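**Student:** Could you look at this predicted model? Sequence included:
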Amino acid sequence: MTTTLLILLHVLAVFKHEPKKPKLERTDQKLADRIISLLQQHEDGNLESYEETTLETCPDEELDPDYDPEECLESTERNFAGIGSPQMVLFGGILVAISKVWEAVLFYPLNGLYRNGRQKRRKPSSMFAKFKFLKTDMDLRRLVDYEKAGEIKPDSRAIIAFISAQLYERTIKEIRSGHILHDSVLRSIISEIIDDYQIETDFYGSPNWLNTWKRAHRISSRRITTFVSKKRFLDKDVLLQKMDQFVKDARVAFQGFDPLSTYNLDQSGFQKELFTKRTLAETGTETIEIVTSSATGITHSYTVLPMLRLDGLLHPKLYVVFAEPSGSFPQNPPPYNAPNLVLAAAKGHIMGKDLMADFFERVVFTDDVADDVLLVADSWPCWRRDDVIDSVRPPNKKVKTIIIPPGATGQIQPLDIGIFRQFKKFMKNLTEYAQRKEKDFKPHQRDSIIKVSEVSENLPHFLIADAEPSILADVLSHLPRMETTAKLASQRRACCCSERLVVLGRKEFEIETKESETGEKSRREIKNGDISTNQKLN
């Protein structure tokens with residue numbers, strides 16, 4: 001039986017609630033879970049789909065000299081080329097300013113009423129002679145309707161044509177300023193145009209409209225730098241076996257620790273200025289230049305090292321390492337003091353055993369962490385240096401570390417999957433926004449990095465919790481279903497990451513949050529077979 005048929009049978013068995021389901025391989029199971037999630041979203045009416053077209057050209061490609069971009073525009077938009085204001089209405093194919101139409105509305109009635117009570121009005125010939133855009137009796141009836149309504153609303157086609165013209169001018173300006181643009185940025189610019197000109201419209205720029213608009217104006221997505229192919233694993237089967245064995249061993253290790261004493265550790269390097277690898281540019285452009293606040297911003301990095309607890313909460317302190325020429329922070333002026341960050345300096349941002357010891361001393365071995373903890377870490381060699389860890393470990397503290405197999409970090413490590421990817425995307429969006437709107441902001445400076453890290457250290461939480469279910473389903477592919485009460489939302493902000501840990505040690509579990517009448521403390525109850533813990537959250 002083919003894998004495709006097995007996957008379909010598995011999906012059908014899930015929706016029929018059958019006790020026995022076809023057994024699938026790891027990759028097939030992930031695909032089946034994704035299909036199930038999409039179908040459930042479709043059934044609930046929460047699934048939206050759209051198509052985005054990317055047009056690319058090579059530097060040596062010969063462009064069609066006879067190409068006419070006007071042909072890609074709607075006929076009404078072609079007729080309104082060069083429109084200077086959205087406050088226009090259409091009379092017989094002619095755009096007329098609302099102010100001019102309102103002048104005709106006020107001029108049309110005469111003083112006095114007829115015997116039947118109707119308003120006296122000027123002769124049609126007089127109106128046609130004074131206002132050239134009026135041609136028919138239907139046009140005169142429109143003036144009466146405008147008078148009764150007391151207002152004249154702009155023509156929707158004129159509004160879209162005006163927005164299109166303004167969008168092109170602003171987009172070309174952004175491109176020539178070296179700014180990164182995507183469809184989301186184009187929609188943001190459309191919103192800015194609507195706000196700047198106080199236009200009353202629900203138009204936002206649908207995917208199809210943007211694709212047509214880009215083709216008409218010869219604007220396409222272009223590469224900023226070349227793509228580097230992902231390194232292939234030499235032996236995928238061996239890696240999968242190691243991953244499965246690690247999951248089994250981790251489940252055994254989890255049985256001996258409280259869920260609130262289990263953490264995932266991972267360090268990640270961040271460029272001082274993060275940009276996406278693509279931007280919008282004029283089709284045919286060979287060199288794509290992007291403006292940065294500093295050349296070192298895209299060549300130098302800093303390191304962050306968070307701790308994610310099994311219940312989905314991050315450690316209140318984020319460890320951040322900066323590269324300083326002298327190996328220490330300057331004293332005059334000192335770096336900005338952020339209460340939720342632990343700052344360290346070295347001659348390079350890459351951590352070694354000394355910085356690891358500093359991390360354990362200032363973050364792990366503190367009152368914020370339980371005395372007996374289990375740490376899940378990647379294959380960084382320093383995590384295995386028990387002698388270095390013991391050199392700073394207080395007598396009352398105990399720590400056990402289990403190591404994720406090399407090469408599996410990007411597939412099963414919670415922080416790498418659920419926090420860093422979303423946080424780096426946020427940093428890219430922030431940098432691109434500041435590039436367009438906050439010209440004086442210097443993202444590469446140390447204090448700027450510290451302040452952004454301070455206010456956004458908890459930002460990945462709600463990015464995960466509020467993400468689309470389809471995204472969560474992709475991350476939580478093999479996890480048991482988690483039932484929560486509504487009050488748990490504030491505590492499960494990074495739950496998709498913690499559930500990745502939970503699956504290693506809990507096959508069936510239930511999490512419930514209760515708040516006292518004063519709202520001062522909350523209690524979580526985690527049940528799993530013989531394990532039942534009641535613990536107040538710090």
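**Tutor:** Sure thing, it's come through.

**Student:** Could you tell me which ranges of the stretch 101-250 of the chain sit under the pLDDT cut-off?
**Tutor:** The stretch 101-250 of the chain contains residues with pLDDT under 70 at 224-236.

**Student:** Show me the helices in it, by range?
**Tutor:** Using DSSP state H, counting those that start in this stretch, the helices found in the stretch 101-250 of the chain span residues 124-130, 137-149, 156-176, 183-196, 207-216, 236-254.

**Student:** As CSV, those with distance to residue 419 and mean neighbour count would be great.
**Tutor:** C-beta here means a position set from N, CA and C on the backbone, and glycine is covered the same way. Output for the helices of the stretch 101-250 of the chain, formatted as CSV (distance: least, Cβ to Cβ, whole Å; neighbours: other Cβ atoms under 10 Å):
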stretch, distance to residue 419, mean neighbour count
helix 124-130, 68, 13
helix 137-149, 54, 14
helix 156-176, 31, 18
helix 183-196, 22, 16
helix 207-216, 29, 18
helix 236-254, 19, 14
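
**Student:** Can I get the ones you listed in a markdown table including distance to residue 378?
**Tutor:** Output for these, formatted as a markdown table (distance: least, Cβ to Cβ, whole Å):
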| stretch | distance to residue 378 |
| --- | --- |
| helix 124-130 | 80 |
| helix 137-149 | 67 |
| helix 156-176 | 39 |
| helix 183-196 | 32 |
| helix 207-216 | 38 |
| helix 236-254 | 11 |
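
**Student:** nearest to residue 301, of the ones you listed?
**Tutor:** Residue 301 sits nearest to helix 183-196 of all the helices of the stretch 101-250 of the chain, at 25.1 Å, using Cβ to Cβ.

**Student:** packing partners for that closest one?
**Tutor:** The contact analysis (3 or more Cβ pairs under 8 Å, 6 or more residues apart in numbering; DSSP states H and E) places helix 183-196 against helix 156-176, helix 207-216.

**Student:** Mind exporting the C-alpha coordinates of that helix to CSV?
**Tutor:** Taking Å, rounded to 0.1, in the frame of the first residue of the first chain, the C-alpha atoms of helix 183-196 are listed here in CSV:
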residue,chain,number,x,y,z
ASP,A,183,3.6,42.6,0.1
SER,A,184,2.9,43.3,3.8
VAL,A,185,4.8,46.5,3.5
LEU,A,186,2.8,47.5,0.4
ARG,A,187,-0.4,47.0,2.4
SER,A,188,1.1,49.2,5.2
ILE,A,189,1.8,51.9,2.6
ILE,A,190,-1.8,51.6,1.4
SER,A,191,-3.0,52.2,4.9
GLU,A,192,-0.8,55.2,5.2
ILE,A,193,-2.2,56.7,2.0
ILE,A,194,-5.7,56.1,3.3
ASP,A,195,-4.9,57.8,6.6
ASP,A,196,-2.9,60.7,5.0
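
**Student:** Quick check: the gap between residue 309 and residue 268.
**Tutor:** According to Cβ to Cβ, to the nearest Å, residue 309 stands 18 Å off from residue 268.

**Student:** Who has more neighbours out of these two?
**Tutor:** Between residue 309 and residue 268, counting by other Cβ atoms under 10 Å, residue 309 is the more crowded of the two (21 against 17).

**Student:** Now the phi/psi pair for the nearest residue to residue 95 once chain neighbours are set aside, please.
**Tutor:** In space, residue 95 comes closest to residue 88 once its chain neighbours are excluded; the distance is 4.6 Å by Cβ to Cβ, 6 or more residues apart in numbering. When read as degrees, to the nearest 10, the backbone of residue 88 gives phi -140, psi 150.

**Student:** gap between residue 88 and residue 108?
**Tutor:** According to Cβ to Cβ, residue 88 stands 20 Å off from residue 108.

**Student:** which one of those two has more residues nearby?
**Tutor:** When residue 88 and residue 108 are compared for neighbours, residue 88 comes out ahead with 25 against 21, by other Cβ under 10 Å.

**Student:** Spit out the contact partners of that one.
**Tutor:** Shown in contact with residue 88 (Cβ atoms under 8 Å, 6 or more residues apart in numbering): 95-98, 154-155, 158, 162.

**Student:** Residue 10 now?
**Tutor:** Contacts for residue 10 (Cβ under 8 Å, 6+ apart) come out as 21-22, 24, 29, 32.

**Student:** which secondary structure element contains it?
**Tutor:** Counting by DSSP states H and E, the element that carries residue 10 is helix 3-15.

**Student:** Identify each buried residue in that helix, please.
**Tutor:** Neighbour-count burial for helix 3-15, counted by 16 or more other Cβ atoms under 10 Å, picks out 6-7, 9-11, 14.

**Student:** for the record, mean pLDDT for the helix or strand following that helix?
**Tutor:** As assigned by DSSP H and E, the chain's next helix or strand after helix 3-15 is helix 26-44. Helix 26-44 shows a mean pLDDT of 85.

**Student:** again, but for stretch 431-448
**Tutor:** For stretch 431-448, the mean per-residue pLDDT is 85.

**Student:** re the thing from before, and the residue nearest to residue 95, what are its bridge partners?
**Tutor:** Legend: beta-bridge partners of residue 88 under DSSP bridges are residue 97.

**Student:** Residue 280 too?
**Tutor:** residue 221.

**Student:** so it touches residue 218, yeah?
**Tutor:** No: when contacts are counted by Cβ atoms under 8 Å, residue 280 is not listed as touching residue 218 (11.0 Å).

**Student:** In terms of neighbours, single out the busier of those two.
**Tutor:** For residue 280 versus residue 218, neighbours defined as other Cβ under 10 Å are more numerous around residue 280 (21 against 15).

**Student:** From the chain's centroid, how far away is the helix or strand encompassing residue 302?
**Tutor:** Assigned by DSSP H and E, residue 302 falls within strand 301-305. Strand 301-305 has its C-alpha centroid displaced from the chain centroid by 21 Å (Cα atoms, centre = their mean, to the nearest Å).
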